[in-house]
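*Asks:* Fold the following, please.
(one chain, ligands or ions: 2)
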Amino acid sequence: MDPTDQTSFTCVVNGEHVVLAGDDTTPAITALRAHGLFSVRETCGIGVCGTCTVLLDGEPVSACILPLYALGGRTVQTAEGLEGQNGELSDLQRQFIASQAFQCSFCTPGFLMSGQALLDSTDGPLDDEAIEEGLQGHLCRCGCYAAITEAVRECAAARMCGRAAARH
Ligand code: FES
Ligand code: FES
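*Replies:* Ligands and ions are numbered 1, 2, ... in the order given. Okay, here's the model as predicted:
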């Protein structure tokens, strides 16, 4: 690429204002990984496997088919942004461990992002049908689907209990 073709795009990534560089053809995943966000993983590169999923203004998107310029002025969250300031794991990350919802873990960041969006979209419990619908488009070659569904279901239930306890 001719360096003179470079364009900069400013967005908020995991709570911080960043400037990502690329051109009109640069996919978002390339710029995010160049920024050190290696949880954004490319497998198929054509938007069908879910390993590159990030949240764009809270909605899951495939970063492999998203042009970098689409991030301009938007808010992006990756799996690195799920952790708290002191590096503690999020409730969903902890539940993935408790439910043993991975083997090789290559698909895990993508599942976590869509799981996070699903959890944030409801105050109530999530049944398996809703979870499977929310996680459709994600593939796990290790076949951990049942454990992943359990992790999201248990996390939704725990959040509900936490909200109920906070009201009393
Ligand atoms: S790598 Fe983006 S959907 Fe498969
Ligand atoms: S845990 Fe290996 S691909 Fe999902």
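*Asks:* what ranges do the strands span in this structure?
*Replies:* 7-13, 16-22, 53-56, 59-62, 75-77 (DSSP state E).
*Asks:* Tell me which of those strands sits nearest to residue 140.
*Replies:* Minimum separation from residue 140 across the strands of the chain (C-beta to C-beta) falls at strand 53-56, 12.7 Å. Any C-beta I mention is one placed from the backbone N, CA and C, and that applies to glycine too.
*Asks:* Adjacent strands (with direction) for the closest one?
*Replies:* strand 59-62 (antiparallel), strand 75-77 (antiparallel) (DSSP bridges).
*Asks:* of the ones you listed, which approaches ligand 2 most closely?
*Replies:* With C-beta to the nearest ligand atom as the criterion, ligand 2 lies closest to strand 59-62 of the strands paired with strand 53-56, at 16.2 Å.
*Asks:* Quick one: distance of that closest one to the chain centre.
*Replies:* Strand 59-62 has its C-alpha centroid displaced from the chain centroid by 7 Å (C-alpha atoms, centre = their mean, to the nearest Å).
*Asks:* What count of nearby residues applies to the closest residue to residue 75 other than its chain neighbours?
*Replies:* Residue nearest to residue 75 in three dimensions, not counting chain neighbours: residue 12, with 4.7 Å by C-beta to C-beta, 6 or more residues apart in numbering. Using other C-beta atoms under 10 Å, residue 12 is surrounded by 15 other residues.
*Asks:* tell me the pLDDT at residue 12?
*Replies:* At residue 12, the pLDDT value in this model is 98.
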